[in-house]
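Undergrad: coords please:
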Amino acid sequence: MEYTVQNLEYAVSVFYNGEQTERANAHAWLTTAQRVPEAWNFVWDLLQPTKGTEVQFYASTTLHTKILRCWNEVPPESYEELGNKLLQAVFTYSNGPKIVTNRLCISLAAFILQQGTVDLATILRPLSNVENTSLLLEVLTVIPEEFNSMTMALELRTKNRIALQQACPAVLDDMLRYLQTVYNDFQEQPSADLIQTWTTAASCACSWLTLDGEDAADNVVLADRMPLCRALLTVVHVLYTWNDAVSDSSLEACEASLAALREAGGARHRHTALQLLADLAALTAPIMRKDDVPNSINEELLLALITCCVALGETHAKALVEVTETNDASENACGARQLLDILLAAQAAPGHYPVHETRSNLVFGFWYTLQDEVLHIIDDTKVIHPVWKEVFSRLLLALVTKSEAAPENNLSKDDLELLRCYRQDIADTVMYCFAILGDWCWSTVESAFNSAETDSRREAALHIFLSLADAAPYERAPDALFNMLEHAVNIANTSTDNRMLNTALDCLGGYASWLSSVSGQERCAALGLSSVMAAGAALQRCVAPAALALRKLCADCSAPAADLAPDIVHAARSTGGRSDGWVRRQLCGAAGAALAAAPPLLAAPLLEDLARTLRDDIAMQRRDVNLTCCAAECAAVVMAALAPSPALAAQLFRIIAPTLPPLAQHEALVEYLFTILKQTVSALMEECVPLVAEIAELLMTGFTNFSCAPGLDIVKLMVLVVGEWSGSAALVSSVVATSVQELAPQPAARPDLSDGLFAMLMALTKKKPEVLNWIEHLLPELVDLGGNSIRVWAPGAVRSVCGWLSALCVARPRAAHARGAALTHALLICIGGVMPRNQVMPVSDLLLSMNRADWGEEEEKLETWLRTSLAPSDFPTPHATHAHKQKFIAGVLRERTSKRRILEVVQEFSLACRGLIGTEYSRQAIASRSLVS
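TA: Coordinates of the predicted model:
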């Protein structure tokens, strides 16, 4: 179909109004039309004011695409004509539609940048009169945005960066001039047009302030920006003064001003930074005093203010900490302390998150930055200033308050998920408090728990207590910690409130490892026993959390688990304990740990009862794979838990062994069989020798029927643990041959199996090189399979493939030499563009191994293979020149020791093959390598 105006209009109509298939076809055709040379002509016909908005938008988008992608089609003598046409189009659509105006402004920005921002003022001069102010501001706003998003050559980007940085001060001065009206003596609310001008000026300033942000903060003196910062703050002050509820255009202006302020305040200059923080605190404090209430009508304004406070507080955290520790009563010092008070108040915002407020969620990151700066000072002085104990004590109490959740019947599913994430953020922030306050945290939390008047507040205190579990002191029991854990035990024994019970049980499980460390103390030993009993008692009321707590307690607290082993095994065998798969796995894990800790004479009969139950359920699961009893998985869990007692693990395997062979015949169950076998070998280690033949037979049968990576993992483990036995060579040869047969037709079809095969071979070749004798006849096929896997870049498997081939070059170089040419060719295909650019390392490591391999008296070596493969002019790609190839070959052959240096050689050649040498990406890649080295 011809690219006529009529056809294009029809295609646009189909794209917006047609059926799904028609829309897809129209989209493909319209996208192609954007790249043809005729597009430079038809866009102007489609941009006529008489056309529909959809057609106009397509035309403006096409113009932008042409300027970005097809700039080489425009001769330099046509630049001026194209610029005039663009300006005329911008004038034509000055009153909308807005989406067309915006796209044309972006096109004009791209036009400016493609020329290296030459004479920006001259190009924009036609927009500089009063009636075109909004257009000028919009074009200025999108220029930095387009610069940051455009793909351009390194030289052009550098030229643009220099030109834009030179223009930036003048642009910001102009924006300040537009904002000067905020200082007028307003007798009534500012007009809508004036507010819009403030919004646009603030947005433009923000855009230029973010220009190449990594360099801006280091090249600017903050004092030079203070007039702009104060004008932006005044915008918020004026609009808040004239609006009880700041919304719509006023809110948009405030948000734009505060966003610009965040960027403007990023420059480092201690004294001026403190002035800015003081000014921001002076603006925010009265607003917080008035509107810091649940369901505030100015919640969105508060969000913007707190975001700004957090951003600037983090940027200038060092200055904030230093001035707070002084006794300075200056305005700046008082402002810094006031900012801390504001952020503490925001963290403790009244009401429940996320029902009544959302601003408290914004402050968490600030506390990390603050405590990090405080700890740096402590490292130097070895003393914590009292002010930080006060600040973080207030923060900890605020976190207890905010951890309190609204009733669940008031929360939607989305709210519940938000609350879960919020409480996790609280838990992280509690650890920041611990870094400053230490053991004082437990006393604070205990006081909060004891003074709580409602169950929800007590639950919140328990949640904070749970957050401190990882900080519990090893082999030491502070009274407050001990008392809080006793409270958790009492609640687990008595509470019927679901949330309270969940948190109490989580506390018991969370402090299990601490309980094991203090089990030598009499009162702590009793607490451990009561904790296990409480978790067991809660199984009827809150089964999942109780089962998890019980598993953690039994795994860590061996003494009470051993004492209660009969009860725990009974719970694992009970009907209720078997009704849910996840719960049953936890209970079986608890039972296994308890049996491993119990005296053998007590454990053996209990294990036999549990094993018989599992054996019968495995038989049922075998007959109906859809059963939820998950007996096979549970058997593996018990086996893993019995690792400290190999005799019991062997007893379990002997009891369930008769039911295992049929699992090898079911694809849905064979991985469970492999899990049982792996846990058996891991639990028994060298003591599995009497069972190794039976395990190997089960493994070979299952793998022959359904080859998968877990089976290969067991073979690797058996060979590494047991070594050689009568059937070891047959087992390894069988699984390798089966895997090769499965993978050979399509190496990328089973990346999990490919990764498992070559990971096994790599480990065995490095640690047990004699295994290569067992698979001597399969080595040619394996090397071919490895080369094919590299050539098609099988995701997830290439690292292990290259790792094994590298090990083979060391252990058995002659086996790799026969396929050396094909292997080198495959590697070059990958380097040329098949592999992702960030995954070069496995290939470079293999090249290094091939270069330093001992090929003996063979004439053909890596140098021959490289020169032969790279001889064709268009291989690996037409972008790679003869000079690139020669430099690559020399770099590879020269390097025989350093993985880093050969990686750099391969990365550079890969960039050359992709035509990326001299681009911005190439600059960044080289810079990152220099940084790492």
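Undergrad: pLDDT weak spots in the stretch 701-850 of the chain?
TA: For the stretch 701-850 of the chain, no stretch is flagged by pLDDT under 70.
Undergrad: what comes into contact with stretch 502-514?
TA: 459, 462-463, 465-466, 469, 472-474, 481, 484-485, 487-489, 491-492, 495, 531, 534-535, 538, 542, 545-546, 548-553, 555-557 (Cβ atoms under 8 Å, 6 or more residues apart in numbering). For glycine as for every other residue, the C-beta is placed from the backbone atoms N, C-alpha and C.
Undergrad: Pull out the buried residues from that stretch.
TA: 502-514 (16 or more other Cβ atoms under 10 Å).
Undergrad: Just the buried ones from the contacts of stretch 502-514?
TA: For those, a neighbour count by 16+ other Cβ under 10 Å gives the buried set as 459, 462-463, 465-466, 469, 472, 481, 484-485, 487-489, 491-492, 495, 531, 534-535, 538, 542, 545-546, 548-553, 555-557.
Undergrad: for the residue nearest to the spatial centre of the chain, phi and psi?
TA: Nearest residue to the geometric centre of the chain (Cα atoms, centre = their mean): C421, 14.8 Å. Backbone dihedrals for C421, given as degrees, to the nearest 10, come out at phi -60, psi -40.
Undergrad: Equivalent analysis for L660, please.
TA: Dihedral angles for L660 - degrees, to the nearest 10 - are phi -80, psi -40.
Undergrad: do the same with W242
TA: Per degrees, to the nearest 10, the backbone of W242 is at phi -100, psi 0.
Undergrad: nearest spatial neighbour of A763, skipping sequence neighbours?
TA: K716 (5.4 Å; Cβ to Cβ, 6 or more residues apart in numbering).
Undergrad: That neighbour belongs to a helix, doesn't it?
TA: Yes - read with DSSP: H, G, I helix; E, B strand; the rest coil, K716 is one of the residues of a helix.
Undergrad: So it sits against F758, correct?
TA: No - using Cβ atoms under 8 Å, K716 is not in contact with F758, being 11.1 Å away.
Undergrad: show me what contacts E373?
TA: By Cβ under 8 Å, 6+ apart, the residues touching E373 are 317-318, 320-321.
Undergrad: Go ahead and report the secondary structure state at it.
TA: Strictly by three-state DSSP, E373 counts as helix.
Undergrad: and it, what pLDDT?
TA: For E373, the model assigns a pLDDT of 93.
Undergrad: that older thread, out of the contacts of E373, who's the most crowded?
TA: L320 (26 neighbours; other Cβ atoms under 10 Å).
Undergrad: Now that residue: phi and psi?
TA: Dihedral angles (degrees, to the nearest 10) for L320: phi -60, psi -40.
Undergrad: Pull the number of nearby residues for the nearest residue to it once chain neighbours are set aside.
TA: Spatial nearest neighbour of L320, excluding adjacent residues (Cβ to Cβ, 6+ apart): A336 at 5.2 Å. Per other Cβ under 10 Å, the neighbour tally for A336 reads 25.
Undergrad: Name the helix or strand for A336, please.
TA: helix 331-347 (DSSP states H and E).
Undergrad: Can you name the residues in contact with that helix?
TA: 271, 274-275, 277-282, 284-285, 288, 292, 302, 306, 309-310, 313, 319-320, 323-324, 326, 359-360, 362-363, 366-367, 391, 394-395, 398-399, 402.
Undergrad: out of the residues you listed, which are buried?
TA: Using 16+ other Cβ under 10 Å as the threshold, 274-275, 277-282, 284-285, 288, 292, 302, 306, 309-310, 313, 319-320, 323-324, 359-360, 362-363, 366-367, 391, 394-395, 398-399, 402 are the buried ones among the contacts of helix 331-347.
Undergrad: Give me the secondary structure label for the closest residue to L606 other than its chain neighbours.
TA: Excluding its sequence neighbours, the residue lying closest to L606 (Cβ to Cβ, 6+ apart) is V569, at 4.8 Å. For V569, the secondary-structure state derived from three-state DSSP is helix.
Undergrad: Okay, V569 and A561: tell me how far apart.
TA: Distance of V569 to A561, given as Cβ to Cβ, to the nearest Å: 11 Å.
Undergrad: between those two, what contacts are shared?
TA: A594.
Undergrad: residues in contact with V721?
TA: V721 neighbours (Cβ under 8 Å, 6+ apart): 681, 685-686, 688.
Undergrad: switch the cut-off to 10 Å
TA: Residues in contact with V721 (Cβ atoms under 10 Å, 6 or more residues apart in numbering) are 681-682, 684-689, 692.
Undergrad: Please convert those to JSON lines, extending it with secondary structure and distance to P769.
TA: What follows is those, written out as JSON lines (DSSP: H, G, I helix; E, B strand; the rest coil; distance: Cβ to Cβ, whole Å):
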{"residue": "V681", "secondary structure": "helix", "distance to P769": "22"}
{"residue": "S682", "secondary structure": "helix", "distance to P769": "24"}
{"residue": "L684", "secondary structure": "helix", "distance to P769": "25"}
{"residue": "M685", "secondary structure": "helix", "distance to P769": "22"}
{"residue": "E686", "secondary structure": "helix", "distance to P769": "21"}
{"residue": "E687", "secondary structure": "helix", "distance to P769": "26"}
{"residue": "C688", "secondary structure": "helix", "distance to P769": "23"}
{"residue": "V689", "secondary structure": "helix", "distance to P769": "22"}
{"residue": "V692", "secondary structure": "helix", "distance to P769": "21"}
